[in-house]
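**Q** could you work out the structure for the sequence below:
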Amino acid sequence: MNDQPMILYVEDDSRSRRVMEMMTRDMNVSLTLFEHSANFLTRVLDLQPPPDVIFLDIHMKPHTGFEMIEMLRESHQFDGIPVIAMTASVMNEEVQQLKTAGFDGCLAKPLDFDAFPEMFDRIINGEKIWRIVS
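**A** The predicted structure is shown next:
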């Protein structure tokens, strides 16, 4: 990992993308945003440097977060890279579905401005964060 971790955030909601941009502005990170999930795997594979952490909105088109995580887990280039689900509507029982699908954590939207930098540090250091209530 370089000195400046690279974040990929796949999110179709422009407000959520702006929030992530604002939250990461003062962090020592590089942020790449995908506004849709079309050609997802090809686009991720083309990223240089590859992402150190991937945040996926669950409710997207044409590929859902569940479909995108499946693509990532089938491609061994992403082994060991934390993939975090981002959703405004996760219920406790859905956490098991996210874990089974291969997610390394889940953050509820809207994101917590005060808590995000610490949560990010914990994620980048290998901790699995399941924060499903905002």
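**Q** contacts only, for the closest residue to residue 28 other than its chain neighbours.
**A** Leaving aside its sequence neighbours, residue 28 sits nearest to residue 4 (Cβ to Cβ, 6 or more residues apart in numbering; 5.6 Å). Every C-beta, even on glycine, is put in place using the N, C-alpha and C of the backbone. Contacts here follow Cβ atoms under 8 Å, 6 or more residues apart in numbering; on that basis residue 4 touches 28, 29, 30.
**Q** touching, the first one and residue 3? I think so.
**A** Yes: Residue 28 is in contact with residue 3 according to Cβ atoms under 8 Å; the separation is 7.4 Å.
**Q** the protein: strands as residue ranges?
**A** Secondary structure of the chain, counting by DSSP state E: strands at 6-10, 30-34, 53-57, 83-87, 105-108, 130-131.
**Q** adding distance to residue 95, write the ones you listed out as CSV.
**A** As requested, the strands of the chain are arranged in CSV below (distance: least, Cβ to Cβ, whole Å):
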stretch, distance to residue 95
strand 6-10, 20
strand 30-34, 24
strand 53-57, 15
strand 83-87, 9
strand 105-108, 7
strand 130-131, 6
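**Q** so for residue 20, which of these sits nearest?
**A** Of all the strands of the chain, strand 6-10 sits nearest to residue 20, with 5.1 Å by Cβ to Cβ.
**Q** residues contacting that closest one, please?
**A** The contact list for strand 6-10, computed with Cβ under 8 Å, 6+ apart, reads 17, 20, 24, 29-34, 37, 40, 44, 47, 49-57, 60, 65, 68, 86, 120.
**Q** do you know how far the most far-flung residue of the chain relative to its centre is from residue 117?
**A** Most distant from the centre of the chain: residue 93, at 20.1 Å, with distances by Cα atoms, centre = their mean. Going from residue 93 to residue 117 by Cβ to Cβ, to the nearest Å gives 30 Å.
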